[in-house]
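[1] Got a predicted structure here, sequence first:
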Amino acid sequence: MSGTLSTFKNPSDTQDGWQAISPFSNPMVAFAIVSEKDAQGFALHPLEEQALGEAVSPKRRKDFTLGRAAARQALERVGFPVVTPVLRGEHREPLWPVGVVGSIAHGGGYGVAVAAWQQDIPAIGVDIQQVEERYTDELIARFADPDEFDWVLSDPAHRTERAVRLFSAKESVFKALYPLRRVWFAFDVAHLTPKEGELGFSAAVRLPALSSGIIHMDVGISLFDGHVVSGAWLSKPIAM
Ligand SMILES: CC(C)(COP(=O)(O)OP(=O)(O)OC[C@H]1O[C@@H](n2cnc3c(N)ncnc32)[C@H](O)[C@@H]1OP(=O)(O)O)[C@@H](O)C(=O)NCCC(=O)NCCS
């Protein structure tokens, strides 16, 4: 792990709880993060068990369970008082209760999830990535356009952290937009501009299958225990 990650929070630093880790600056968004320890004693809903399936590896079961445990917390925070299962769609996308948008990610022993009412937030995506020194120029070029690539490489001390922030942000954008029309898209449809004085980005997405115009999204980033957590959201419905 890079030695330049002094801005990362440690779990013990987060006296103000999940809000300190949430990458979403929007108060309408409920965010949850769950560690393996937090998830001890959490039981999947029988329908979630069915969605997971039987023939899965222990790692897949652990990740799925962490994600669903976080989803349960996020749903409670938007006002679902009872155990509400989050099932899965044909392409692995999570299926939320009617009127709710949400997203799930897992990595490095954490599960994260977000939920919001669709009338407030039309689309939302979340991601978590460990900051690992595996980002070669070749790998970065697979998800960065030339401007983004130059931005990542222009700060050698934070190169890995920037690469992970950019990659994670694009994953969040995908997870937010995919469920709207179940349209698959590659990294090159989104151009991300770093926000001045912040860790996050402004995203401009060209996706003709969704909108004739450019889709603008905010992407927030937080740094937590050697991980980048990202969150992308639409503030208003997409003009078709
Ligand atoms: C689908 C994808 C986003 C999932 O990411 P991942 O690396 O497997 O793992 P993560 O922990 O980040 O996220 C996994 C969760 O994403 C969610 N997910 C999976 N497919 C999804 C989809 N099509 N839409 C929305 N969410 C999805 C699921 O909840 C999944 O967890 P679960 O299976 O336990 O329910 C990723 O694998 C992928 O294919 N990305 C390529 C597309 C892309 O990012 N394009 C760039 C656009 S700018």
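    Everything's here; your move.
[2] Number of residues surrounding the nearest residue to H91 once chain neighbours are set aside?
    Of all residues not flanking H91 in the chain, R182 sits nearest, at 6.6 Å (C-beta to C-beta, 6 or more residues apart in numbering). To be clear about C-beta, it is placed using only N, CA and C from the backbone, and glycine gets the same treatment. Neighbourhood size, R182 [other C-beta atoms under 10 Å]: 11.
[3] didn't R182 look like it was pressed against E93?
    Yes - contact criterion C-beta atoms under 8 Å: R182 and E93 qualify, at 7.5 Å.
[4] Tell me which stretches of the protein form helices.
    Under the criterion DSSP state H, the chain carries helices at the ranges 18-21, 46-52, 58-77, 137-143, 146-153, 159-181.
[5] Close to the ligand: what parts of the chain are there?
    Counting by C-beta under 6 Å from any ligand atom, the chain comes close to the ligand at 63-64, 67, 88, 91-94, 104-107, 127, 170-171, 173-175, 178-179, 185-187, 189-190.
[6] Going through the residues you listed, which ones are buried?
    Of the members of the residues of the chain next to the ligand, the ones counted as buried by neighbours, 16 or more other C-beta atoms under 10 Å, are 63-64, 67, 88, 94, 104-107, 127, 170-171, 173-175, 178-179, 185, 187, 189-190.
[7] pLDDT weak spots in this protein?
    1-16 (pLDDT under 70).
[8] what angle sits between the longest strand anywhere in the chain and helix 159-181?
    Ranked by residue count and defined by DSSP state E, the top strand of the chain is strand 214-224. Here the directions of strand 214-224 and helix 159-181 differ by 130 degrees (axes from the mean of the first three to the mean of the last three C-alpha atoms, to 10 degrees).
[9] buried stuff in strand 214-224?
    Buried residues in strand 214-224, counted by 16+ other C-beta under 10 Å: I215, M217, D218, V219, G220, I221, S222, L223, F224.
[10] Verify the stated contact: F31 with W233.
    No - using C-beta under 8 Å, F31 makes no contact with W233, being 11.0 Å away.
[11] Could you chop this protein up by domain?
    The record assigns the chain these domain ranges, following automatic domain parsing: 11-122, 127-234.
[12] and of those domains, who's closest to M240?
    domain 127-234 (6.1 Å; C-beta to C-beta).
[13] quick one: contacts for the most centrally placed residue in the chain?
    Centroid-nearest residue in the chain: V126, 1.6 Å away (criterion: C-alpha atoms, centre = their mean). For V126, the contact set (C-beta atoms under 8 Å, 6 or more residues apart in numbering) comprises 23, 31, 103-105, 112-114, 172, 175, 229-232.
[14] Show the contacting residues for the residue nearest to H91.
    Going by C-beta under 8 Å, 6+ apart, R182 touches G89, E90, H91, E93.
[15] Which single one of those is nearest to the ligand?
    Nearest to the ligand out of those is E93 (C-beta to the nearest ligand atom; 3.6 Å).
[16] Could you check how far that closest one is from W18?
    Distance, E93 to W18, by C-beta to C-beta, to the nearest Å: 23 Å.
[17] Need the contact partners of stretch 136-146.
    Against stretch 136-146 from outside (C-beta under 8 Å, 6+ apart): F149, V152, L153, A163, L166, F167, K170, F187, D188, H191.
[18] List buried residues within the residues you listed.
    Buried by 16+ other C-beta under 10 Å: F149, V152, A163, L166, F167, K170, F187, H191, out of the contacts of stretch 136-146.
[19] quick one: buried residues of stretch 230-240?
    So for stretch 230-240, counting by 16+ other C-beta under 10 Å, buried means S230, G231, A232, W233, L234, I238.
[20] out of these, which one sits closest to Q118?
    Using C-beta to C-beta, L234 comes nearest to Q118 of the buried residues of stretch 230-240, at 10.2 Å.
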